[in-house]
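S.K.: Let me see the structure of the following:
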Amino acid sequence: MKRKTKVQPSPTPAPPLSGDPVLRTVSRAAFALIMLFALLLLWRGHNAPGGGFIAGLMTACALILHRMSTGTDALRRVNPITLIPIGVALSFATGLVPYLLGKPYLKTDYGYLTTPLTGEFEWATAMIFDIGVYLVVIGAGLGIAYALMDVNPQERVQEDQ
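M.R.: Okay, here's the model as predicted:
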């Protein structure tokens with residue numbers, strides 16, 4: 001029979017890899033590249049493969065990589081769970097506005113915009129829906145990952161020592 005002994009909880013320890021200089025150096029460049037690619041997928045997702053879901057997953061992975069390498073949260077002032085209701089409300093409102101105007105629910109509207117930086121670009125209200133999905137996926141992904149990262153067991157068995 002295993003004996004359980006109570007161990008005093010220690011202050012929040014730094015993640016095991018946060019002091020690794022190779023991981024910290026590589027993660028800076030990787031974080032920037034992953035975020036740029038995620039934003040590209042979000043930008044063109046309503047017309048091409050990609051969109052809010054994939055961009056949200058990539059952003060969540062980049063933010064998890066940042067936390068693993070530095071030991072700090074990149075979203076210092078924002079609780080990731082608060083992004084979920086904001087994203088749901090944004091996506092719901094995107095579908096509700098056309099419905100209130102007598103069109104089918106989630107009917108998208110589009111047009112063309114010309115800028116010196118991008119040239120002619122097609123805008124669509126579907127992108128607003130994608131941004132809502134993006135926020136939901138980031139909030140849910142980070143909420144789950146951070147909950148798993150912050151596990152601090154309070155009990156140890158004799159074999160753990």
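S.K.: what residue lies at the spatial centre of this structure?
M.R.: residue 138 (2.4 Å; Cα atoms, centre = their mean).
S.K.: Quick check: buried residues in the one helix or strand that one maps to?
M.R.: Residue 138 is located in helix 126-149, with elements delineated by DSSP states H and E. Applying a neighbour-count criterion of 16 or more other Cβ atoms under 10 Å, one finds 126-143, 145-146 buried in helix 126-149. From N, CA and C alone the C-beta is placed, and that goes for glycine too.
S.K.: so what does that helix touch, helix or strand wise?
M.R.: Applying 3 or more Cβ pairs under 8 Å, 6 or more residues apart in numbering; DSSP states H and E, one finds that helix 126-149 makes contact with helix 21-44, helix 52-70, helix 83-100.
S.K.: picking that back up, distance of the residue nearest to the centre of the chain relative to residue 147?
M.R.: Residue 138 is 15 Å from residue 147, where distance means Cβ to Cβ, to the nearest Å.
S.K.: Check residue 68 too.
M.R.: 15 Å.
S.K.: Repeat that for residue 25.
M.R.: According to Cβ to Cβ, residue 25 stands 28 Å off from residue 147.
S.K.: Tell me where the chain is predicted with low confidence.
M.R.: 1-19, 47, 151-153, 155-157, 160-161 (pLDDT under 70).
S.K.: can you tell me the helix or strand for residue 111?
M.R.: Residue 111 belongs to strand 110-115, assigned by DSSP H and E.
S.K.: got a list of contacts for that strand?
M.R.: 120, 121, 122, 123, 124, 125, 126 (Cβ atoms under 8 Å, 6 or more residues apart in numbering).
S.K.: any idea of the angle it forms with helix 126-149?
M.R.: Per axes from the mean of the first three to the mean of the last three Cα atoms, to 10 degrees, the angle that strand 110-115 makes with helix 126-149 is 90 degrees.
S.K.: Tell me how far strand 110-115 lies from the chain's centre.
M.R.: 28 Å (Cα atoms, centre = their mean, to the nearest Å).
S.K.: next helix or strand past it?
M.R.: strand 119-124.
S.K.: quick one: that following strand to helix 126-149, angle?
M.R.: Using the same axes, to 10 degrees: strand 119-124 against helix 126-149 is 80 degrees.
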